[in-house]
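> I would like to see how this sequence folds:
(chains A, B, C and D)
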Protein chains: 2
Amino acid sequence: MDGTTVIARQLPLLTQPPVEACCAPLQAAPLADAEATELARRFAALSDPVRLRLLNLLATAADGAMCACDLVEPVGKSQPTVSHHLKILREAGLVVSEKRGTNVWYAAVPAALESLRDALAPHP
Amino acid sequence: MDGTTVIARQLPLLTQPPVEACCAPLQAAPLADAEATELARRFAALSDPVRLRLLNLLATAADGAMCACDLVEPVGKSQPTVSHHLKILREAGLVVSEKRGTNVWYAAVPAALESLRDALAPHP
DNA sequence: CCAACGTATTGACACTCGTCGATGTCTGCG
DNA sequence: CGCAGACATCGACGAGTGTCAATACGTTGG
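Here you go, the predicted structure:
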């Protein structure tokens, strides 16, 4: 937990995956049931304070990524709980992960946040 | 349920309340615990498909507002369930309501959506 | 004043979710 | 090989949530 940040600068950043928008802006066009369900699922990933803090830590990380071991202490939850929340963020496409030796590195996916931002965009 | 829309055009739109942002953008500055909890509470209001459809109906309403009686059938849930979701949206500041006779009119609050949008804004 | 209507509230139920301790899995090291 | 460390998964528990039928409340119209 001490030498991790040193290694980080020597490794490439995690590759960002493609992000597909699910719906038109809420204030623009009618929302179908399936679209509403999918959009609700994505917003649900943001509806927990621990997940927001994790996402915030990753999004503001100096190296663009952080070791899972360095995420446990800042949020003040147990290691299984943090692992659980990281899994939910990953399944929602909000973060990506990559195994490096015994550690796992996580990075935020800004395009995924931008996609949700678009859903809240005002009417043109 | 038939003459309601006719009356709507003859009445003023619901007044929009002031909206206060709770946090800096997720990707910009560190997020304190209290801020994370408040932001999570607001996103939780968007984490249900029925509420997203209600918000979508209100935000795209031709008159900028709709009678509660006209919101039940489109979402396909019981009247108490719709009333429950409208209450959650109202407590989250995403909609406002106003009683007109026996009916209650609801309108979306675009500024509240914009506030959440700001929280997802990219790093400058 | 009473009946009918629109909306909110209550109570109950099944289900999901956040949390943690215990355990499993995999990697690197001596 | 065997041990130690990092992370994920499992099992269990309490709290919260979405849903509806039944009911209460408030307003309008006859």
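> pLDDT of stretch A:41-56, averaged?
For stretch A:41-56, mean pLDDT rounds to 98.
> what about that stretch and DNA strand D, any contact?
No. On the criterion CB under 7 Å from any atom of the strand, stretch A:41-56 is out of touch with DNA strand D, staying 8.6 Å away. (C-beta placed from N, C-alpha, C; glycine too.)
> before we move on, what about stretch A:67-77?
Yes. Stretch A:67-77 lies within reach of DNA strand D by CB under 7 Å from any atom of the strand, at A:Cys67, A:Ala68, A:Cys69, A:Val72.
> list the contacts of that stretch.
With CB atoms under 8 Å, 6 or more residues apart in numbering or on different chains as the test, stretch A:67-77 has contacts from A:1, A:4-5, A:8, A:50, A:53-54, A:57-58, A:78-79, A:82-83, A:85-86, A:97, A:103-106.
> which of those residues fall within strands?
Mapping the contacts of stretch A:67-77 onto strands (DSSP state E) picks out A:Ser97, A:Asn103, A:Val104, A:Trp105, A:Tyr106.
> just the buried ones among these, please.
A:Val104, A:Trp105, A:Tyr106 (16 or more other CB atoms under 10 Å in any protein chain shown).
> in what helix or strand does A:Val19 lie?
Taking DSSP states H and E as the definition, one finds A:Val19 inside no helix or strand.
> measure it to chain B for me?
Taking CB to the nearest CB, to the nearest Å as the measure, A:Val19 falls 13 Å from chain B.
> SS state for the spatially closest residue to that residue that is not a sequence neighbour?
Of all residues not flanking A:Val19 in the chain, A:Ala111 sits nearest, at 4.1 Å (CB to CB, 6 or more residues apart in numbering or on different chains). What DSSP: H, G, I helix; E, B strand; the rest coil gives for A:Ala111 is helix.
> contacts only, for A:Ala111.
A:Gln16, A:Pro18, A:Val19.
> in PyMOL, how would I select the buried members of those?
Buried members of the contacts of A:Ala111, defined by 16+ other CB under 10 Å, are picked up in PyMOL with:
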select buried, chain A and resi 19
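> can you redo the contacts of A:Ala111 as CSV with pLDDT?
Formatted as CSV, the contacts of A:Ala111 follow (pLDDT from 0 to 100):
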residue, pLDDT
A:Gln16, 90
A:Pro18, 93
A:Val19, 93
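> DNA strand D: which of the contacts of A:Ala111 is nearest?
The closest of these to DNA strand D turns out to be A:Gln16 (CB to the nearest atom of the strand; 18.3 Å).
> how about the closest residue to that closest one other than its chain neighbours, what does it touch?
In space, A:Gln16 comes closest to A:Val109 once its chain neighbours are excluded; the distance is 6.0 Å by CB to CB, 6+ apart. Taking CB under 8 Å, 6+ apart as the criterion, A:Val109 is in contact with A:Gln16, A:Pro17, A:Val19, A:Gly93, A:Leu94, A:Val95, A:Val96.
> quick check: buried residues in stretch A:36-52?
Buried residues in stretch A:36-52 (16+ other CB under 10 Å): A:36-37, A:39-40, A:42-52.
> kindly report the same for stretch A:84-96.
A:His85, A:Leu86, A:Ile88, A:Leu89, A:Ala92, A:Gly93, A:Leu94, A:Val95, A:Val96.
> what's the answer for stretch A:23-37, then?
Buried, per 16+ other CB under 10 Å, within stretch A:23-37: A:Cys23, A:Ala24, A:Pro25, A:Leu26, A:Gln27, A:Ala28, A:Leu31, A:Glu35, A:Ala36, A:Thr37.
> could those go into JSON lines alongside distance to B:Pro124?
Formatted as JSON lines, the buried residues of stretch A:23-37 follow (distance: CB to CB, whole Å):
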{"residue": "A:Cys23", "distance to B:Pro124": "27"}
{"residue": "A:Ala24", "distance to B:Pro124": "27"}
{"residue": "A:Pro25", "distance to B:Pro124": "23"}
{"residue": "A:Leu26", "distance to B:Pro124": "25"}
{"residue": "A:Gln27", "distance to B:Pro124": "25"}
{"residue": "A:Ala28", "distance to B:Pro124": "26"}
{"residue": "A:Leu31", "distance to B:Pro124": "31"}
{"residue": "A:Glu35", "distance to B:Pro124": "31"}
{"residue": "A:Ala36", "distance to B:Pro124": "32"}
{"residue": "A:Thr37", "distance to B:Pro124": "33"}
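> right, I'll leave it there.
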